[in-house]
Every structure is written in C-alpha cells, then in structure tokens.
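> Need coordinates for the following:
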Amino acid sequence: MSGFVEKPKPVEVPGLTHLHTGKVRDLYRDEAGRLVMVASDRMSAYDWVLPSEIPDKGRVLTRLSLWWFDRLADLVPHHVLSTDLPDGAPADWAGRTLICRSLDMVPVECVARGYLTGSGLAEYRETRTVCGLALPEGLGDGSELPLPIFTPATKAEVGEHDENVSYEEVARQVGAETAAVLRQTTLAVYGRARDIARDRGIVLADTKFEFGFDEHRELVLADEVLTPDSSRFWPAETWSPGRPQPSFDKQYVRDWLTSPASGWDRTGELPPPPLPENVVERTREKYVEAYERLTGMKWV
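Residues are numbered from 1 along each chain as shown. Okay, here's the model as predicted:
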C-alpha cells in the first residue's frame, strides 16, 4: 500500500479545469487549451507522498527548471510558454506556476546515468548489467561509468513504483525511430548538464527527463528538468566511490525514513510518519544549496 498519506483537494480557480494531482505538481488546463503546472511543496519518498511539506521546495524546482531550460534550448525545445500567474490564482502560486504547451507525452521515463548507484547499483550487483546493458567488473557505489548510459523506466501512477526496462522494450512500445531519438536526446542533455554541474563543483550522478511531441511531431522537453527531485547531485569535493555519497536531493529524507528514529517499516502497511522539524529544515537547505551552487545566484 502506498500513495498519498493525505491527498490535497484541488484549488478551484475560475477559467481553469483541474486535470491531475501528482506527487508534487497539480495540473490544470486553461480556456486557451494550455497546461498550467503548479509545483507544490509536497515531498515523495518510497512511493508515498509524505504528510510533511518542505517550504519553498516548489519554487526551487520551478526556478531551477527554468534556469536549465534556458541552457538546453539549443539541444531540445522545452514546453514553457509563460510564468505569468493566471487570473484569479491564489498568491501562493507565484513563483511555482508554469504555463506550458500541451504535448503528446511519451510514456517513458528517460533516465541517464553517469555514475552507479540506486536501483542501477542493485541490478549491477546481481547481474553486472543495468537495464540489460553490460558493465565492467569492479564497480561500486558511486563509481563513474565508462560512458553515460540510457536506462529508461516505465512511468508509474502515484503510489506505484517506476520499473526499469530495456531499450528494446522502449522500442517495442514507442517504435524504433522514437526510441533512438529519445536515447540520443537524453544522453546529449545529460552530457551538457553534467559538464555545467561539474564546473560548479557538483557531480550529476543521474537524472530523468520527460518528453512529448508537439503538433509538428517535434520532440519537446517537458515537466521539470535537472532538479533535486529528478536528479542525484553530489558535492564533487567529497565524491569517493565505494560508499554512499552525500547529496543535495531527497536522500536525506529517505535516510531518516529508514532509520530507527522514524520507527517506520517501509515494507509494512502503515504510511510514513511526519518529518521532524530539523529534517524538514535540513532538506530545504539542501534544495536551496543545490540551486545556489548550480546557478550562482542567491536564493531570495
């Protein structure tokens, strides 16, 4: 059992039709047919949307995504049309709202990995592969891969878990031509972002992208991009293969949830408990630090 501990009620705004409440984002459609994405402060972990929120998280995700979209636009177009607040929207939506193009979304999480950790590490330890791709012997937690790899996953509903799939399965689902474009674009965007992050003292271990096609069948980068929610960011100065790495993402929350301090059994039926105040504040600090390190701008 998983999902929302407490599912929020959609905000009603004149002229907007509520479409979906996701783990973090609420999705609406306006009268012009455009999508309105609102990034909340919700935190998800282990397929649960937690009862505690992280202040400013939605604004960090939105502002950082916009920063990255600008730096990737020559590689792939993005879906953002405007950051204007819709008429009648609550003041709290300011800084967390994107007006976007409506796309025909590809039903695949496009994951790029440059380092071995997480579910990729678990698979490697069993089979010496990740998503069917053979890797060299001798790699450990945090090891840099010889070359970045494309390791797609299925897109899961709230409360369900994304499952890694092979490239061949993606080609079967979306066609060989689309699969090839997804792989090429994912790795190109990851490579650009990895180099930018490295110049700022951050290791981009892995990340996931979502793509859709516009009315001209052009591939478009959608959703969020290269945030602490969708990526693993490690401080370069402490990176050391062979052990778990300190991070600027939700790993801090995951670690507390699986610690004796939480008292929570992630294999049981009960939902996770609220986060302690110090865990909430430390998580916020990590998200803000990721933004400030990457962009070089002070969070205000």
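> Only C-alpha atoms from now on, for both contacts and neighbour counts.
Will do.
> Next up, the contacts around V170.
V170 makes contact with 108, 152, 179 under the criterion Cα atoms under 8 Å, 6 or more residues apart in numbering.
> out of the residues you listed, who's nearest D265?
P152 (28.7 Å; Cα to Cα).
> for the closest one, what are its contacts?
By Cα under 8 Å, 6+ apart, the residues touching P152 are 108-112, 131, 164-167, 170.
> Just the ones in strands from those residues, please.
With DSSP state E as the criterion, strands contain 108-112 from among the contacts of P152.
> which of these lies closest to T238?
Using Cα to Cα, the ones in strands among the contacts of P152 come closest to T238 at A112, 21.9 Å.
> Not counting sequence-adjacent ones, nearest residue to the closest one?
Spatial nearest neighbour of A112, excluding adjacent residues (Cα to Cα, 6 or more residues apart in numbering): F150 at 4.8 Å.
> Check the one you found and give its pLDDT.
The confidence metric pLDDT takes the value 97 at F150.
> In contact with it, which residues?
The contact partners of F150, by Cα under 8 Å, 6+ apart, come to 110-113, 167, 183, 186-187.
> Mind putting the residues you listed into CSV with pLDDT?
Listed next are the contacts of F150 as CSV, based on pLDDT from 0 to 100:
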residue, pLDDT
C110, 97
V111, 96
A112, 97
R113, 97
Y167, 93
R183, 98
T186, 98
L187, 98
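> Now a ChimeraX select for only the buried ones of those residues.
In ChimeraX syntax, the buried subset of these is picked out as below (16 or more other Cα atoms under 10 Å):
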select :110,111,112,113,167,183,186,187
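> Closest to A236 out of the contacts of F150?
Closest to A236 out of the contacts of F150 is R113 (16.2 Å), distances taken as Cα to Cα.
> which residues touch stretch 88-95?
The set of residues external to stretch 88-95 that reach it, using Cα under 8 Å, 6+ apart, is 13-14, 38, 59, 62-63, 83, 85.
> out of those, which are buried?
The buried subset of the contacts of stretch 88-95 (16+ other Cα under 10 Å) comprises 38, 59, 62-63, 83, 85.
> what about the helix or strand hosting R232, average pLDDT?
Taking DSSP states H and E as the definition, R232 sits inside strand 231-235. In this model, strand 231-235 carries a mean pLDDT of 95.
> that's a helix at D141, yeah?
No - if the criterion is DSSP: H, G, I helix; E, B strand; the rest coil, then D141 is coil and not within a helix.
> quick one on the thing from earlier: now do the residue nearest to A112 against S52, distance only.
For F150, the distance to S52 (Cα to Cα, to the nearest Å) stands at 33 Å.
> residues contacting F209?
109-111, 186, 221-226, 230.
> ok, how many other residues are close to D223?
D223: 17 surrounding residues under other Cα atoms under 10 Å.
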